[in-house]
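S.K.: mind looking at a prediction? Sequence and model below.
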Amino acid sequence: MAICFQSPLKPTSISPSSNNCRPNLSAQSFRCNFSKTLTTDPQPVFTSVKSFAPATVANLGPGFDFLGAAVDGMGDFVSLRVDADVPPGEISIADIEGVGDSAKKLSKNPLWNCAGIAAISVMKMLGVRSAGLSLSLEKGLPLGSGLGSSAASAAAAAVAVNEIFGRKLGVHDLVLAGLESEAKVSGYHADNVAPALMGGFVLIRSYDPLELIPLRFPSDKELFFVLVNPEFEAPTKKMRAALPSEIGMSHHVWNCSQAAALVASVFQGDVKGLGKALSSDRIVEPTRAPLIPGMEGVKKAALEAGAFGCTISGAGPTAVAITDEEEKGRQIGERMVDAFLEEGKLKAVAMVKKLDRVGARLMSSNLI
């Protein structure tokens, strides 16, 4: 998440942009081509809305920057309302609250806040000029946790703005808005914000043009993520800076084959195969694991406890393991928590969560 030390809380003016992303549905992918923004200056259909976007697990081992999944039961909320005290075409952030020290660390300047940046982007796409908006952010995800905290804020904000003006944009447009936010905070990567908006597993096939492929995990199969979050912050920019600039051909071939195996396992509902592929990264995890105290021991403990696989969630420090039984997941989580304490001297909390198949959504609204 962006941290800004500027004090002005001045609303940010929106000027319509000349580019917009419109859908081109091909098979199961979304392709974004650029065209003109909407110029109708849409009027709000609600006086206020509240939206939610879930946590996400990015990379999934070998899928650095192109694979991600949404996690049920945890995420960020955004409340948005039409505010006569905010000048037309502008947005202000009225309040930030939530877990940890989010309220202290996050700026209320929309230009330096993930939710604000995404909201501004959607307003540009829509061509909003005659309504002023006030946004409140409720953080359910800790900062720098590897659970897609910044993406959840961006996704929830993008959905809220879109909904308050009558849902005129599709998910591909909202992903682009979220990408604009992510680019200013942690890098141009969609493996958090795409699943946060779309739900389920998502493959980013291409960034230029942006193409997204939803990967449907069978609804009759059980899948549980064991998420163990230690008391340690791993800023995404720092963790990305640690990555190698070049890799060997053998590692490239290996990671490609494992990413392909992971995608196949998702479609087949093969949790064991999914876990095996998730554990197999030879490029990113070996570089980042030493930066997270105890991570190597945590992975070993998870596998010994019966997890089908374990890796770092996103940039970390959260560790994610895979299983097909909830009770087994709790046992695995306990072993991982113990390992973080024993190996890394870090306290940690374990959660067992299902796959979120819905993604960001409207929670409530009030008609004009």
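M.R.: All right, it came through fine.

S.K.: where does this structure have low pLDDT?
M.R.: Scanning the chain for pLDDT under 70 picks out 1-39.

S.K.: please, where are all the strands along it?
M.R.: 12-13, 20-26, 29-35, 46-58, 67-82, 90-98, 133-139, 201-207, 210-215, 224-230, 309-312, 319-323, 348-354, 361-367 (DSSP state E).

S.K.: looking at those strands, which is nearest to residue 111?
M.R.: strand 12-13 (5.6 Å; Cβ to Cβ). To be clear about C-beta, it is placed using only N, CA and C from the backbone, and glycine gets the same treatment.

S.K.: so who does the nearest residue to residue 276 once chain neighbours are set aside touch?
M.R.: Excluding its sequence neighbours, the residue lying closest to residue 276 (Cβ to Cβ, 6 or more residues apart in numbering) is residue 309, at 5.8 Å. Contact analysis of residue 309 by Cβ atoms under 8 Å, 6 or more residues apart in numbering lists 61, 274-279, 303, 321-322.

S.K.: repeat that for 7 Å
M.R.: Residue 309 makes contact with 274-276, 278-279, 321-322 under the criterion Cβ atoms under 7 Å, 6 or more residues apart in numbering.

S.K.: with distance to residue 90 and neighbour count added, can I get those residues in JSON lines?
M.R.: Converted to JSON lines, the contacts of residue 309 look like this (distance: Cβ to Cβ, whole Å; neighbours: other Cβ atoms under 10 Å):
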{"residue": "274", "distance to residue 90": "45", "neighbour count": "28"}
{"residue": "275", "distance to residue 90": "48", "neighbour count": "25"}
{"residue": "276", "distance to residue 90": "51", "neighbour count": "18"}
{"residue": "278", "distance to residue 90": "44", "neighbour count": "28"}
{"residue": "279", "distance to residue 90": "48", "neighbour count": "21"}
{"residue": "321", "distance to residue 90": "45", "neighbour count": "32"}
{"residue": "322", "distance to residue 90": "45", "neighbour count": "28"}
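
S.K.: check those and tell me the two furthest apart.
M.R.: Across the contacts of residue 309 (Cβ to Cβ), the longest gap, 12.3 Å, separates 276 and 321.

S.K.: how about the contacts made by the nearest residue to residue 139 once chain neighbours are set aside?
M.R.: Of all residues not flanking residue 139 in the chain, residue 98 sits nearest, at 2.8 Å (Cβ to Cβ, 6+ apart). Listed by Cβ under 7 Å, 6+ apart, the contact set of residue 98 reads 138-140.

S.K.: can you do 8 Å?
M.R.: 76, 137-141.

S.K.: out of those, which end up buried?
M.R.: For the contacts of residue 98, a burial check counting by 16 or more other Cβ atoms under 10 Å picks out 76, 137-141.

S.K.: check those and tell me the two furthest apart.
M.R.: Across the buried ones among the contacts of residue 98 (Cβ to Cβ), the longest gap, 11.1 Å, separates 137 and 141.
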